[in-house]
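> What would the 3D arrangement of this be:
(one chain, ligands or ions: 1)
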Amino acid sequence: MHIDYDPKLDFDDVLIRPKRSEAPSRSTVELRRSYRFLNSQRQWSGIPLVASNMDSIGTMEMARALGPDSMTCLHKYHAADDLSAFFSDPVLRGHTFMTVGIRDHDLEKPGRVLQDTSLDFVCIDAANGYTKFFVDRVKAVRQSHPNLTIMAGNVATPEMVQELLISGAADIVKIGIGPGSVCTTRIMTGVGYPQLSAIIECADAAHGLRGHVCADGGCRTPGDVVKAFAAGADFVMLGGMLAGHDECGGPWVDPNDRRAGMRFYGMSSQTAIERYAGGVRDYRACEGKETIVAHKGPVRKTLQDITGGIRSACAYVGAARLKDLSKCTTFVVCHRTHNTVFDI
Ligand code: 5GP
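The predicted model follows:
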């Protein structure tokens, strides 16, 4: 047994210190980022927010609404024919991930969709990205599809980021074990890693190899999204913040009146497991829960709140571009230790 006494931070443990600067105007802050991916060698540019591949969030309607600037990770329960039809539209290809799991039949799915379209992005998703089996599956997809941009996860520590980028030949590693709004992994298993520290440590490891990270889970406010980018995330994935919008897949509490809200549940919750796997097997526990979220109308408005928050944060610290936010950031630790300052 080993105890790590280094303090680790969550979003709530820090604030970003404002700085005197030749402050850029909010309206001129450049939110678009351009990335060249490590293994696919493809390029992408846009505002690096990603709708989560949860079944109510990663819908085709969400992809249409967030595109072409931001990205959507379609959930993995779409039928291959529907995906082929969707990805045949050239406008939707450049900003939408298809998601696959790691079962045998999942491995064939990108190939089937690729036969008919030129799919660019795949997300290979497992609740626990720490197994050799997972790394081997990522590697197998890379070998079959050298030009796909692959996002793989989830993990929360640098050695596994390196493993997925090097051995798995992934391009983007998804970071987050336990921070999700409807996740109960920390409660059920005691396993997890404070998300802000996970992002800082994993981004550093990925960037050293010219790989990328997507911070996934735990953002409840635009300020949390800002902190994730300031910590070094290349992409930020959102579930709960995008729940309850018109573009979501529901289920709505009252299908005839969305004002009653939307049921939002974790993909490892009893609700999801009953829906997609026919029930919870007796050797495992659920690691997700269900809540009701208010109806929030069109997602564009929420997106504007988030991008507005990022623009304003950049102006506060003197970053002319989102790209510069991390190096302009000084986090002030405000909960556990008093006013300790970390420069990153
Ligand atoms: P949020 O933005 O809602 O805080 O977090 C979204 C993320 O939570 C998802 O992208 C996914 O990684 C994670 N997640 C979704 N459902 C579950 C679940 O049932 N259990 C766990 N452990 N994580 C989940």
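> Show me how far stretch 142-153 is from its chain's centre.
Relative to its parent chain, stretch 142-153 has a centroid offset of 17 Å by Cα atoms, centre = their mean, to the nearest Å.
> again, but for stretch 286-293
Using Cα atoms, centre = their mean, the offset of stretch 286-293 from its chain centre is 18 Å.
> Show me which residues of this structure are close to the ligand?
52, 54, 127, 154, 176, 180-183, 185, 216-219, 237-241, 266-269, 287-288 (Cβ under 6 Å from any ligand atom). C-beta here means a position set from N, CA and C on the backbone, and glycine is covered the same way.
> Going through the residues you listed, which ones are buried?
52, 54, 127, 154, 176, 180-183, 185, 216-219, 237-241, 266-269, 287-288 (16 or more other Cβ atoms under 10 Å).
> Does K323 touch E30 like I think?
Yes. K323 lies in contact with E30 (Cβ atoms under 8 Å); the separation is 7.4 Å.
> per-residue pLDDT, whichever residue of the stretch 1-150 of the chain sits closest to the ligand?
In the stretch 1-150 of the chain, the residue that lies nearest the ligand is S52 (3.5 Å; Cβ to the nearest ligand atom). For S52, the pLDDT comes out at 98.
> Can you tell me, leaving aside adjacent residues, what's nearest to it?
Spatial nearest neighbour of S52, chain neighbours left out: G239 (3.9 Å); criterion: Cβ to Cβ, 6 or more residues apart in numbering.
> The one you found and I177, how far apart?
As judged by Cβ to Cβ, to the nearest Å, G239 and I177 stand 15 Å apart.
> P194 too?
10 Å.
> Counting neighbours, go ahead and name the busier of those two.
A side-by-side neighbour count of P194 and I177, using other Cβ atoms under 10 Å, places I177 first with 26 against 19.
> Identify the single longest strand in the protein, thanks.
strand 149-155 (DSSP state E).
> And the contacts of that one?
Strand 149-155 is contacted by residues 37, 39-40, 42, 44, 73, 97, 120-130, 134, 138, 141-142, 161, 164, 168-177, 202, 214, 216-217 when judged by Cβ atoms under 8 Å, 6 or more residues apart in numbering.
> Now which of the residues you listed would you call buried?
For the contacts of strand 149-155, buried by 16+ other Cβ under 10 Å: 37, 39-40, 44, 73, 97, 120-127, 129-130, 134, 138, 141-142, 161, 164, 168-177, 202, 214, 216-217.
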